[in-house]
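Novice: got a predicted model here, sequence first, then my questions.
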Amino acid sequence: MASGGVILSNSFSFYQKRIVMSSRMQEKNGGASIPHVLSVAGSDSGAGAGIQADLKACAARGVYCSTVITSVTAQNTVGVQAVHAVPEDFVAQQLKSVLSDMQVDVVKTGMLPSVGVVKVLLQSLTEFSVRALVVDPVMVSTSGDVLAGPSILSTFREELLPMANIVTPNIKEASALLGGIRLETVADMRNAAELLHALGPRNVLVKGGDLPDSLDAVDIFFNGERFYELRSSRIKTRNTHGTGCTLASCIAAELAKGSPMLTAVRVAKRYVETALEYSKDILIGNGIQGPFDHLLRLKSGSQSFHRKDAFNPSDLFLYAVTDSGMNKKWGRSMVDAVAAAIQGGATIVQLREKDAETRDFLETAKSCLAVCRSHGVPLLINDRVDIALASDADGVHVGQSDMPASVARTLLGPEKIIGVSCKTIEQAQQAWIGGADYIGCGGVYSTNTKANNPTIGLDGLKTVCSASKLPVVAIGGINASNAGTVMEMGLPNLKGVAVVSALFDRENVLAETKKLHALLMEASSSKIQ
Ligand SMILES: Nc1ncnc2c1ncn2[C@@H]1O[C@H](COP(=O)(O)OP(=O)(O)OP(=O)(O)O)[C@@H](O)[C@H]1O
Ligand SMILES: Cc1ncc(CO)c(N)n1
Ligand SMILES: [Mg+2]
């Protein structure tokens, strides 16, 4: 084995060192050490593979990733149109900038386009010690374009592989590294793993993504003692560009967190499978092999894109709060009730399910969301942040005994809508501090839907409105006979009324909503005059 700064003999010593290091850093900086992967790889302009995949994979796994760019490719889903190698001394400069300043746990290599770049890297690894080296011996893209020529093979074999804690060739790369042997079956892959191991890397993973005629996606892991056949389902998708880079980065990320090698590989394989499954239908580019979504967000992201982007306070104008009991009583489904309310003019919908089973609630939320999205009406979930997250609803409404707004905000992120029920100035201030978007203020009048809920009347509503910068929706016993009075108070941040029974404890939801909408329009236009 060549000497160098790469040490990862077993996970125990790795862990011990991390702990020592992190307590040392804490002494110095007063902060915890962050697991850190350095990716030494090429740029893919299409951002499915290369450095871009590495950054996304590490971000998805919660690990910091710094980058040394070895080459810039003009690449898309069709293929690689051009390659521009970064000068070797500039690669050296980047390595020095990162390694002299930051505590890198694991180095992961991708495209290393020349013997000179490999030498520069090996030199850096002797100067700066890291805990592990993950080598993805990138040579040919799936589109068949050459990313590192055959002249590199001997340097890979003789100098880079012996330094590696793991090497992760695909079938073509394993074959090239072994002088062009045939690799067509799982048995061939085992054989290749053993031969590659003899070149010096501590572990070998021969990836079978491109194995012809295999129903599963089979990879062979060999640690010098045992073979492991790692299988996952083979996802039927065109979006597999960058799976190799992602797998290697995820292995590096898990090692940086302190996982043993086999665990890191298993986690990485599962992660790739999950991301491919999630992304199987997304469409980016016109070529044969598309990128996938490392952060599992693009599908819901594109849906959210269609709703009005940020929260618009005027959405509170006619706020429909559902009640499954009432809808059952009148013999209609929740989705039908929501559709009728929206058709009648409801500007926002809140799903309020006090007794539903979680699974049923989630299904209802998804169905209602589809209706709401198709009309550009936001859907909020009462109380249940988990249901809001799982259904990708537009936000939640929480009461004083539910999850605090600040915690809901942390869980839901900056873009979701959060409303809080408030009766007092203090509660309104707390909602503002916690990151709420609006206040539901009431009960203004008494109501059947909330037992033992003291009313605050129009005075209480006025007090809360005047004390808060947040938009307010009035709630509690509001119906066609009193909605006008509420709105005509002319409170500038009172944006609308929230209603339950006045819409849903009625035979004709559509007609009732229309009636209330017309009345609110009239009340607010008289306010303007
Ligand atoms: N359709 C698929 N379904 C599930 N897993 C897959 C699929 N295709 C590839 N994989 C897995 O993804 C990982 C990467 O393997 P692959 O053989 O595709 O690497 P690669 O050719 O280096 O990828 P690339 O060059 O596109 O980055 C392996 O764990 C493999 O089993
Ligand atoms: C830059 C770059 N690195 C690696 C691969 C292998 O997928 C690629 N296609 N492009
Ligand atoms: Mg690859």
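Specialist: All right, it came through fine. Numbers count the residues shown, from 1 in each chain. Ligands and ions are numbered 1, 2, ... in the order given.
Novice: what's the closest non-adjacent residue to Leu55?
Specialist: Cys65 (5.2 Å; Cβ to Cβ, 6 or more residues apart in numbering). Placement of C-beta: from N, CA and C, glycine included.
Novice: can you pull the residues of this protein lying near ligand 1?
Specialist: Counting by Cβ under 6 Å from any ligand atom, the chain comes close to ligand 1 at 49, 141-142, 170, 207-210, 217, 219, 232, 234-235, 240-245, 247, 269, 272-273, 276.
Novice: what helix or strand does Val134 sit in?
Specialist: strand 132-135 (DSSP states H and E).
Novice: what secondary structure does the residue of the stretch 201-350 of the chain found nearest ligand 3 sit in?
Specialist: For the stretch 201-350 of the chain and ligand 3, the shortest gap (Cβ to the ion) falls at Gly244, measuring 2.7 Å. Look at Gly244: counting by DSSP: H, G, I helix; E, B strand; the rest coil, its state is helix.
Novice: helix, strand or coil for the residue of the stretch 1-150 of the chain found nearest ligand 3?
Specialist: Nearest residue of the stretch 1-150 of the chain to ligand 3: Val138, at 5.3 Å (Cβ to the ion). Of the three states, Val138 takes coil according to three-state DSSP.
Novice: so for it, what's the pLDDT?
Specialist: pLDDT, Val138: 95.
Novice: residues in contact with it?
Specialist: By Cβ atoms under 8 Å, 6 or more residues apart in numbering, the contact list for Val138 reads 41-42, 110-112, 147-148, 173, 244-245.
Novice: show me where the stretch 101-250 of the chain has strands.
Specialist: 106-109, 132-135, 166-167, 203-206, 216-222, 227-233 (DSSP state E, counting those that start in this stretch).
Novice: any chance of JSON lines for these, columns mean neighbour count and distance to Ala408?
Specialist: As requested, those are exported to JSON lines (neighbours: other Cβ atoms under 10 Å; distance: least, Cβ to Cβ, whole Å):
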{"stretch": "strand 106-109", "mean neighbour count": "29", "distance to Ala408": "35"}
{"stretch": "strand 132-135", "mean neighbour count": "27", "distance to Ala408": "38"}
{"stretch": "strand 166-167", "mean neighbour count": "28", "distance to Ala408": "41"}
{"stretch": "strand 203-206", "mean neighbour count": "28", "distance to Ala408": "41"}
{"stretch": "strand 216-222", "mean neighbour count": "21", "distance to Ala408": "38"}
{"stretch": "strand 227-233", "mean neighbour count": "15", "distance to Ala408": "35"}
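Novice: just to revisit the earlier point, the residue nearest to Leu55 pairs with what?
Specialist: Val37 (DSSP bridges).
Novice: of the contacts of Val138, closest to ligand 1?
Specialist: Closest to ligand 1 out of the contacts of Val138 is Gly244 (2.1 Å), distances taken as Cβ to the nearest ligand atom.
Novice: surely that closest one and Ala49 touch.
Specialist: Yes - between Gly244 and Ala49 there is a contact under Cβ atoms under 8 Å: 7.5 Å.
Novice: neighbour count for the two, which is higher?
Specialist: A count of neighbours by other Cβ atoms under 10 Å puts Ala49 above the other of Gly244 and Ala49, at 29 against 25.
Novice: how about the more buried one, nearest residue that isn't a chain neighbour?
Specialist: Gly242 (3.5 Å).
Novice: now do Ala92
Specialist: Nearest to Ala92 is Val120, by Cβ to Cβ, 6+ apart, at 4.5 Å.
Novice: now stretch 145-157: average pLDDT?
Specialist: 87.
Novice: do the same with stretch 238-252
Specialist: 97.
Novice: buried stuff in stretch 360-375?
Specialist: Going by neighbour count (16 or more other Cβ atoms under 10 Å), the buried part of stretch 360-375 is 361-362, 364-369, 371-373.
Novice: from ligand 3, how far off is Thr168?
Specialist: According to Cβ to the ion, to the nearest Å, Thr168 stands 8 Å off from ligand 3.
Novice: contacting residues around the residue of the stretch 201-350 of the chain closest to ligand 3?
Specialist: 49, 136, 138, 168, 170, 207, 209.
Novice: out of those, which end up buried?
Specialist: For the contacts of Gly244, buried by 16+ other Cβ under 10 Å: 49, 136, 138, 168, 170, 207, 209.
Novice: for the second one, phi and psi?
Specialist: As for Asp136, its main-chain torsions (degrees, to the nearest 10) stand at phi -100, psi 100.
Novice: wait, the residue nearest to Ala92 touches Phe90, no?
Specialist: No - using Cβ under 8 Å, Val120 is not in contact with Phe90, being 9.6 Å away.
Novice: who's more crowded, those two?
Specialist: Just comparing Val120 and Phe90: by other Cβ under 10 Å the higher neighbour count belongs to Val120, 24 against 14.
Novice: so what pLDDT did the residue in the stretch 401-529 of the chain that ligand 2 sits nearest to get?
Specialist: Of all residues in the stretch 401-529 of the chain, Gly413 sits closest to ligand 2, at 30.5 Å by Cβ to the nearest ligand atom. pLDDT, Gly413: 85.
Novice: count the residues that sit near it.
Specialist: The burial count for Gly413: 8, using other Cβ under 10 Å.
Novice: would you agree Pro212 is in contact with Leu183?
Specialist: No - here Pro212 does not reach Leu183: they are 10.0 Å apart, not a contact under Cβ under 8 Å.
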